[in-house]
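Enquirer: Mind folding the following:
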Amino acid sequence: MSNNSNTENGCSSSGSACKGCPSSATCGSKNTDSAAPGSGIHHTIVVMSGKGGVGKSTVAVNLAVELSAEGYRTGLLDIDIHGPSIPTMLRLQHERTLSEDKKILPIELGDLKVMSIGFLLENHNDAVIWRGPMKHGVIGQFITEVKWGELDYLIVDAPPGTGDEPLSIFQQIEGRKSALIVTTPQEVAAADVRKSINFCRQLGVEISGIVENMSGFVCPSCNCRTEIFSSGGGEKTADEFNVNFLGSLPIEPGIGTSCDKGTPYVVSYSKTVTAGLFKQIVERLIEDVKHGEKRAETKTGATA
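Expert: Model prediction:
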């Protein structure tokens, strides 16, 4: 397939744009795996944002690492096909996947299992020039052909917006699933969050909550707090749409440093106030998931 071709049903293994695509050997063939997609995954949480630049991937990485540290069997899936940042944030950009029993093995970072399109490219600087059907196909393979095993939580880092990738993951994953939406405080970001909320509701996907990132800056020298952006946009939107507000995270220089070094903030700066805030968000997220399960059981019992 040439970089400019418009494919509707998949990709051809002959073109340069297909390099690294796990579909290349079996493109167009029917998946014979009888197991339901993601059948070993107890709950999938898709981390979304209405717009780019709000720190969504940073939140996804640190939540996944914190969940794993709490003893939950956790996976982290990067479905940002065109701009995968998870490998760099975890210093895994030079790692490449192997296969076993016709399954793709995720990269293991301690007890955390990680998968990204970046692990399938010949060079981590290669551009992925794919249209929607190809992205839909590879996201399906990330669910069915990656050897996740049994997971309590699969954290999915989705690209910003309400396009192909979040739609594909919600349509193809089985079992319990919900969205976590990341925003920054200002109105221009909150306006896009409202679109993400309506996107989830149109698909019938539960929303675990909203996280407000970059919520003020606390000077590490004098502890003086400065509201660089307007404040409270995330909480206001959560109240407006009757969605859980999971918490606020300040602008923290150490977060940028840890991302560049490939060491999660909650590990490198585990004793800080902000690391404690990540922990609180995880606790509230788990609580919401458990309440959601109870609601689902009650609803199932009422309709039985």
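Enquirer: Near Lys51, how many other residues are there?
Expert: For Lys51, the number of neighbouring residues by other CB atoms under 10 Å comes to 19. Yep, even glycine has a C-beta here, placed from its N, CA and C like the rest.
Enquirer: Please enumerate the helices of the stretch 201-304 of the chain.
Expert: For the stretch 201-304 of the chain, the helices defined by DSSP state H, counting those that start in this stretch cover 233-240, 253-261, 265-268, 273-303.
Enquirer: Taking the centroid of the chain, which residue is nearest it?
Expert: Geometric centre of the chain, nearest residue: Asp157, 1.8 Å, by CA atoms, centre = their mean.
Enquirer: Name the residues of stretch 186-205 that come out as buried.
Expert: Judged by neighbour count using 16 or more other CB atoms under 10 Å, the buried positions of stretch 186-205 are Ala189, Ala190, Asp192, Val193, Ser196, Ile197, Phe199, Cys200, Val205.
Enquirer: ok, back up a step: of all the helices of the stretch 201-304 of the chain, which one comes closest to Val59?
Expert: Taking CB to CB, helix 273-303 is the member of the helices of the stretch 201-304 of the chain nearest to Val59, at 8.1 Å.
Enquirer: The closest one - contacts with which helices or strands?
Expert: strand 41-49, helix 56-69, strand 176-183, strand 206-212, strand 245-248, helix 265-268 (3 or more CB pairs under 8 Å, 6 or more residues apart in numbering; DSSP states H and E).
Enquirer: mind running it again at 10 Å?
Expert: Packing contacts for helix 273-303, counted by 3 or more CB pairs under 10 Å, 6 or more residues apart in numbering; DSSP states H and E, involve strand 41-49, helix 56-69, strand 151-157, strand 176-183, strand 206-212, strand 245-248, helix 253-261, helix 265-268.
Enquirer: In CSV: those, plus mean pLDDT.
Expert: CSV is the format used below for the helices and strands packed on helix 273-303 (pLDDT from 0 to 100):
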stretch, mean pLDDT
strand 41-49, 96
helix 56-69, 97
strand 151-157, 97
strand 176-183, 96
strand 206-212, 96
strand 245-248, 95
helix 253-261, 91
helix 265-268, 95
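Enquirer: ok, back up a step: okay, the helices of the stretch 201-304 of the chain in TSV with distance to Val54 and mean neighbour count next?
Expert: Supplementary listing: the helices of the stretch 201-304 of the chain in TSV, determined by distance: least, CB to CB, whole Å; neighbours: other CB atoms under 10 Å:
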stretch	distance to Val54	mean neighbour count
helix 233-240	10	20
helix 253-261	13	16
helix 265-268	16	20
helix 273-303	15	15
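Enquirer: Rebuild those helices as TSV, extending it with distance to Gly40.
Expert: Conversion of those to TSV gives the following (distance: least, CB to CB, whole Å):
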stretch	distance to Gly40
helix 233-240	32
helix 253-261	30
helix 265-268	26
helix 273-303	17
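Enquirer: so which of the ones you listed gets nearest Ser168?
Expert: helix 273-303 (22.1 Å).
Enquirer: average pLDDT across the closest one?
Expert: The average of the pLDDT scores along helix 273-303 is 85.
Enquirer: can you pull the contacts of Pro84?
Expert: Pro84 makes contact with 57, 78, 93, 116-121, 124, 128, 157, 159 under the criterion CB atoms under 10 Å, 6 or more residues apart in numbering.
Enquirer: Apply 7 Å and report the result again.
Expert: Each residue near Pro84 by CB atoms under 7 Å, 6 or more residues apart in numbering is listed here: Asp78, Ser116, Ile117, Gly118.
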